[in-house]
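**Student:** Predicted model and sequence below, questions to follow.
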Amino acid sequence: METRICRLHEKHDIRIETQPVAAPGAGEALIAVGAGGICGSDLHYYHAGGFGPIRVKEPIILGHEAAGTVIAIGAEVNNVKEGDRVAINPSRPCMACEYCLRGMTTHCLNMRFRGSAMRFPHEQGLFRDKIVVEAQQCVPVGNADMSAAACSEPLAVCLHARHMAGDLLGKRVLVTGAGPIGALCTAVAAQAGAAEIVTTDLQDMPLSVATRMGATRTINMIAEAEALAQYAEGKGYFDVVFECSGAAPAIAGAIAALRPQGRLVQVGIGGETPVPLNAIVGKEITYQGTQRFRHVEFFEAVRLIRTGGLDVTPMVTGSFALEDAVKAFDTAGDRAKAVKVHLTFDAA
């Protein structure tokens, strides 16, 4: 049996290739992948060959956001069966290091994460027609749309960010950056009962998606840059900020708009970035990082998608067949045209 794969050899060099796929062994399941989402890290690998110190050193199958259908199971598998539609959890902490034993699995010293070049040899990803995975990484999604189910991983990231933010009921929330993570942070804030959610970006297209995801107001920071400044009056307005851009100007504007003793959850990443320390100290702001997600948040993401508790579909703005992967990646990198782009697969 063979599977088609989406493999990156070096920046801007994506090839659709084939490779053998084995039958599932004990504790494993064979999945026919239905949809996979292109993440910001995939784009960094594609356009720059990596990000920060993480570099692509060998050909890597991209992708860590995916859902599919179980087509075979190995021995000792009891959590899924043939025919189940499942989301695939790409995160595989060791559960044995000091951080895992403390329940801090996002900081696992031996983390294995699908589609990541952090380790060498690289952890190969999910963009392929068929894949054998550990059955415990599969979470049934019921009758949820395959494209929606493939959003489970980024939704889990935002649920973890919400956990870091604390109770949002009745709070005033600012979301800076309306890409996929910003759109989902908007959605999870709305789902948690935030009283007001203002989402900012540099493009109108993602802001229109943010409105559909629960934003009560959107601000285009190019067309109406002064609009955010009003929230800085009187030492600030917002209780919580989800900073999803990783851009220094957005961070500075967010800190100015936070009230004293507010909390900024840093979701977006970047390189060495200046921050206004005087304002953080003077307003006693909590600057909180957040990384990936815990298994409990992945299960919660699947539950919300499966039950319709949170609608992720507005953020999916394009789908491309695997053979059009280059076009899909180019589209996903155009913030004026796309929020979340999916690859679709046919394992028949």
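**Tutor:** Right, received. Where do you want to start?
**Student:** Tell me who's in contact with the spatially most central residue of the chain.
**Tutor:** The C-alpha lying nearest the average C-alpha coordinate of the chain belongs to P154 (C-alpha atoms, centre = their mean; 2.7 Å). Neighbour list for P154: G37, C39, E65, P180, I181, L184, K340 [criterion: C-beta atoms under 8 Å, 6 or more residues apart in numbering]. Yep, even glycine has a C-beta here, placed from its N, CA and C like the rest.
**Student:** between those, which is closest to V139?
**Tutor:** E65 (13.2 Å; C-beta to C-beta).
**Student:** Pretty sure L30 sits in a helix.
**Tutor:** No: L30 sits outside any helix when classified using DSSP: H, G, I helix; E, B strand; the rest coil, being strand.
**Student:** partners of it in the sheet?
**Tutor:** A72, V132 (DSSP bridges).
**Student:** Verify the stated contact: it with V21.
**Tutor:** Yes: when contacts are counted by C-beta atoms under 8 Å, L30 is listed as touching V21 (7.3 Å).
**Student:** count of neighbours near R7?
**Tutor:** R7 is flanked by 20 other residues according to other C-beta atoms under 10 Å.
**Student:** now swap in H47 and tell me
**Tutor:** 14.
**Student:** can you pull the contacts of it?
**Tutor:** K11, H12, G333.
**Student:** hey, C-alpha coordinates of the helix or strand that contains it in PDB?
**Tutor:** Per DSSP states H and E: H47 is located in helix 40-48. Output of helix 40-48 as PDB, limited to C-alpha atoms (Å, rounded to 0.1, in the frame of the first residue of the first chain):
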ATOM      1  CA  GLY A  40       1.900  29.500  10.400                       C
ATOM      2  CA  SER A  41       4.800  27.200  11.200                       C
ATOM      3  CA  ASP A  42       4.200  25.300   7.900                       C
ATOM      4  CA  LEU A  43       4.400  28.700   6.100                       C
ATOM      5  CA  HIS A  44       7.700  29.500   7.900                       C
ATOM      6  CA  TYR A  45       9.200  26.200   6.800                       C
ATOM      7  CA  TYR A  46       8.000  26.800   3.200                       C
ATOM      8  CA  HIS A  47       9.100  30.400   2.800                       C
ATOM      9  CA  ALA A  48      12.200  30.600   5.100                       C
END
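**Student:** Show residues contacting the following helix or strand past that helix.
**Tutor:** For helix 40-48, the following helix or strand on the C-terminal side (DSSP H and E) is strand 50-51. Strand 50-51 is contacted by residues S41, H44, Y45, V56, A117, I269 when judged by C-beta under 8 Å, 6+ apart.
**Student:** Touching, I31 and A72? I think so.
**Tutor:** No: I31 is beyond contact range of A72, at 9.0 Å (criterion: C-beta under 8 Å).
**Student:** Between these two, which has more neighbouring residues?
**Tutor:** Remark: of I31 and A72, I31 carries more neighbours, 31 against 16, as counted by other C-beta under 10 Å.
**Student:** which stretches of the stretch 1-150 of the chain form strands?
**Tutor:** Assignment of strands within the stretch 1-150 of the chain using DSSP state E, counting those that start in this stretch yields the ranges 2-10, 13-20, 28-37, 50-51, 54-55, 60-61, 65-73, 85-88, 91-92, 112-113, 130-134, 138-140.
**Student:** what's the answer for the stretch 201-348 of the chain, then?
**Tutor:** Using DSSP E, counting those that start in this stretch, strands in the stretch 201-348 of the chain cover 217-220, 238-243, 258-266, 286-289, 316-321, 340-344.
**Student:** which one of these lies closest to L310?
**Tutor:** Nearest to L310 among these is strand 316-321; the distance by C-beta to C-beta comes to 13.5 Å.
**Student:** so what secondary structure elements neighbour the closest one?
**Tutor:** Where contact means 3 or more C-beta pairs under 8 Å, 6 or more residues apart in numbering; DSSP states H and E, strand 316-321 is packed against helix 146-149, helix 325-332, strand 340-344.
**Student:** Could I get the average pLDDT for that strand?
**Tutor:** In this model, strand 316-321 carries a mean pLDDT of 95.
**Student:** Stretch 112-131 spans what distance, first to last residue?
**Tutor:** 16 Å (C-alpha to C-alpha, to the nearest Å).
**Student:** swap in stretch 188-201?
**Tutor:** By C-alpha to C-alpha, one end of stretch 188-201 lies 18 Å from the other end.
**Student:** hang on, the earlier thing: mutual contacts of L30 and V21, please.
**Tutor:** K130, I131, V132.
**Student:** so which of these is the most crowded?
**Tutor:** I131 (25 neighbours).
**Student:** and the closest residue in space to V33 that isn't next to it in sequence, how many residues sit next to it?
**Tutor:** Distances taken as C-beta to C-beta, 6 or more residues apart in numbering put G68 closest to V33, at 4.1 Å, once the chain neighbours are dropped. Other residues near G68 come to 31 when the count uses other C-beta under 10 Å.
**Student:** what do you get for V209?
**Tutor:** So V209, with other C-beta under 10 Å, has 26 neighbours.
**Student:** Would you indicate which residues of the helix holding H47 are buried?
**Tutor:** G40, S41, D42, L43, H44, Y45, Y46 (16 or more other C-beta atoms under 10 Å).
**Student:** Out of these, which is nearest to L126?
**Tutor:** Out of these, the member with the shortest distance to L126 (by C-beta to C-beta) is D42, at 10.5 Å.
**Student:** so what's that closest one closest to, chain neighbours aside?
**Tutor:** L62 (4.9 Å).
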